[in-house]
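Participant: A predicted structure for the sequence below; I have some questions about it.
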Amino acid sequence: MMVRLALCSLALLVADALVAPRITRHHCYRAVNSETETPGWKRATPNALTALRLGCVPIVFGALRCDAPRLACGCFAGASITDAFDGYLARRWRVESRLGAFLDPVADKLLVVTTLVALTASTPGVALPAAVIVAREVAVSALREYCADRGQRDAVAVGGAGKLKTATQMAALLVLTGRLAPRAGLGLLRVSAALALYSGALLFAQARPVFAASDAAPG
């Protein structure tokens, strides 16, 4: 049962990361439908799924610290499924919101970083790729904030390498939390760390015109 759930979640993660439209996955761009046109439950569902993912974070951490891999894997799989569906439903129903745009990346990063921290304490070999992944996330988040402050958010849009990084990273964490195949999970995590460095370097290269424009600006 646990293996089937893991495979199902992995398939959803790969589909969401590689097949999703080449736009940011955050479900906040425009409020197309007015409140009178869209049922309240449709407006609330995407953000509720994101909030559910946030609620899974302490459960996954606690399960890993208490040596309950089945609970950790099941909860992580459930959180991953919400990650695949919250943005999809928001776009499909055209109920994007600013709150969703804020919560979605926060929930993603909290889930990944917290799981990595818990795994570092219990699984040999996780510390180095975990440090690389966390450092990359911090650097890229700062880069996106820098570009957004200058009205150039699209300069660091997610590309194919970033989506592949996300897919391998979530797959690795799914395998490692459930102790389904530790060697394979660690191998996937190392691949994800390499992709994190590569995709991060690409984003910084994409942002060079923004840096150049800032240096050239008077004052």
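Facilitator: That came in fine, so what should we check first? Residues are numbered from 1 along each chain as shown.

Participant: which stretches of this protein have low pLDDT?
Facilitator: For the chain, the stretches with pLDDT under 70 are 1-36, 215-219.

Participant: how long is stretch 147-157 end to end?
Facilitator: 11 Å (CA to CA, to the nearest Å).

Participant: what strand or helix carries Leu64?
Facilitator: helix 40-65 (DSSP states H and E).

Participant: can you mark which positions in that helix are buried?
Facilitator: By neighbour count on 16 or more other CB atoms under 10 Å, the buried set for helix 40-65 is 42-43, 45-47, 49-51, 53-54, 56-57, 59-61, 63-64. Just so you know, the C-beta spots here come from the backbone N, C-alpha and C atoms, and that holds for glycine as well.

Participant: now do stretch 66-84
Facilitator: 68-69, 71-84.

Participant: stretch 191-211 now?
Facilitator: 191-193, 195-196, 199-200, 203, 206-207, 210.

Participant: need the contact partners of it.
Facilitator: The contact list for stretch 191-211 (CB atoms under 8 Å, 6 or more residues apart in numbering) reads 128-130, 132-133, 136-137, 139-140, 143, 146-147, 150, 152, 155-156, 159, 161-162, 164-165, 168-169, 172.

Participant: and those, which are buried?
Facilitator: Here, 16+ other CB under 10 Å leaves 129-130, 132-133, 136-137, 140, 143, 146-147, 152, 155-156, 161-162, 164-165, 168-169, 172 buried among the contacts of stretch 191-211.

Participant: just checking, which of the residues you listed belong to helices?
Facilitator: 129-130, 132-133, 136-137, 140, 143, 146-147, 161-162, 164-165, 168-169, 172 (DSSP state H).

Participant: how about the residue nearest in space to the middle of the chain, what does it touch?
Facilitator: Central residue of the chain (CA atoms, centre = their mean): Asp108, 4.0 Å from the mean position. Contact analysis of Asp108 by CB under 8 Å, 6+ apart lists 53, 83.

Participant: tally of neighbours for Val106?
Facilitator: 13 (other CB atoms under 10 Å).

Participant: tilt between the helix or strand harbouring it and helix 40-65?
Facilitator: Under the criterion of DSSP H and E, Val106 resides in helix 98-122. Helix 98-122 and helix 40-65 are oriented at 10 degrees to each other (axes from the mean of the first three to the mean of the last three CA atoms, to 10 degrees).

Participant: buried sites along helix 98-122?
Facilitator: Quick answer for helix 98-122 (16+ other CB under 10 Å): 100-101, 103-105, 107-108, 110-120.

Participant: first-to-last residue distance for stretch 154-167?
Facilitator: 22 Å.

Participant: this completes my enquiry, with thanks.
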